[in-house]
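J.: Quick one: sequence plus predicted model below, questions after.
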Amino acid sequence: MSRVLIALSHLGRRFPGPPPVEALRDATFKVAQGEHVAIMGPSGSGKSTLLNLIGLLDRATSGGYEFAGQDVRGLGERQRTALRRDAIGFVFQDFYLMPGRTAWENVALAMVYAGRPGKERRRRALEALERVGLSHRHDALPTTLSGGERQRVAIARALANDPVLLLCDEPTGNLDSATASGVMGLVDSLNRAGMTVITITHDPATARWASRRLSIGDGCVAAEPQPKGAPA
């Protein structure tokens, strides 16, 4: 059986009122290392809250969370920041590329806070762009790239620090169906190479790329039957 990377136990997030809002309730599930899990739900269902908790961008108000066997609930902000920087890559719907920077410079920015020297940042950025099939566009500005190319740059940036987990938040939301399929094909190839992936989406076509799907509604997570070999 694969090693468990993510283990949530009755995880919840409550926002103070008035009235208080239970954005996430009693989320309990595990994600194995090397698995690709899709979490599906409509707008306002709690998807973003769950992603923020898994990605250590926010703190839960109840329950437990272990990342690679480490209890992260008690970590200080500096420890959480270091774990997020070194172990988690983020891909967002809106790309969030700096328009005045080239593709490789956007990728390299992810390594600044890791303290990598300039020459190493450039080398690793070019390697990441080659990994996503964009080495020939390394000097292009985002305004000259297609939507699919911009998302590939964003994925390269997410890979720059060699994370063990890739969190994709509506990664195809701004793409047409053909381009979306190409981007998800890339994500699938990364997963097949061993990357653990969690994809947040409302799109069934995007969710079909995952090996397992969870649904979320009104802050509650429900799991489909687990495939053989998935963590209990």
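T.: That came in fine, so what should we check first?

J.: in the helix or strand of the chain with the lowest mean pLDDT, what's buried?
T.: Ranked by mean pLDDT, DSSP states H and E, the weakest helix or strand in the chain is strand 220-223, scoring a mean of 81. Judged by neighbour count using 16 or more other Cβ atoms under 10 Å, the buried positions of strand 220-223 are Val221. In short, each C-beta sits where N, CA and C put it, glycine included.

J.: Alpha carbons only: can I get that strand in PDB?
T.: Only the C-alpha atoms of strand 220-223 are listed here, as PDB (Å, rounded to 0.1, in the frame of the first residue of the first chain):
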ATOM      1  CA  CYS A 220     -19.300  18.500   3.700                       C
ATOM      2  CA  VAL A 221     -17.000  16.100   1.900                       C
ATOM      3  CA  ALA A 222     -18.300  12.700   0.600                       C
ATOM      4  CA  ALA A 223     -16.100  10.100  -1.000                       C
END
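
J.: now the helices for the chain?
T.: In the chain, the segments counted as helices under DSSP state H are 47-54, 77-87, 103-109, 118-131, 147-159, 177-192, 204-207.

J.: So for the chain, the centremost residue is which one?
T.: Closest residue to the average C-alpha location of the chain: Leu167 at 0.8 Å, with Cα atoms, centre = their mean.

J.: for that one, which residues make a bridge with it?
T.: Here Leu167 sits in beta bridges with Phe90, Ile198, as judged by DSSP bridges.

J.: my guess is it contacts Val91, does it?
T.: Yes - the pair Leu167 / Val91 is scored as a contact, 7.1 Å apart, by Cβ atoms under 8 Å.

J.: Next, find the distance separating Ser62 from Arg121.
T.: Separation of Ser62 from Arg121 (Cβ to Cβ, to the nearest Å): 40 Å.

J.: Just the endpoints, please. Distance across stretch 67-78?
T.: From its first residue to its last, stretch 67-78 covers 16 Å (Cα to Cα, to the nearest Å).

J.: so where's the chain shaky on pLDDT?
T.: Along the chain, segments meeting pLDDT under 70 span 1, 223-232.

J.: how close does the residue nearest to the centre of the chain sit to Trp104?
T.: Distance from Leu167 to Trp104, by Cβ to Cβ: 23 Å.
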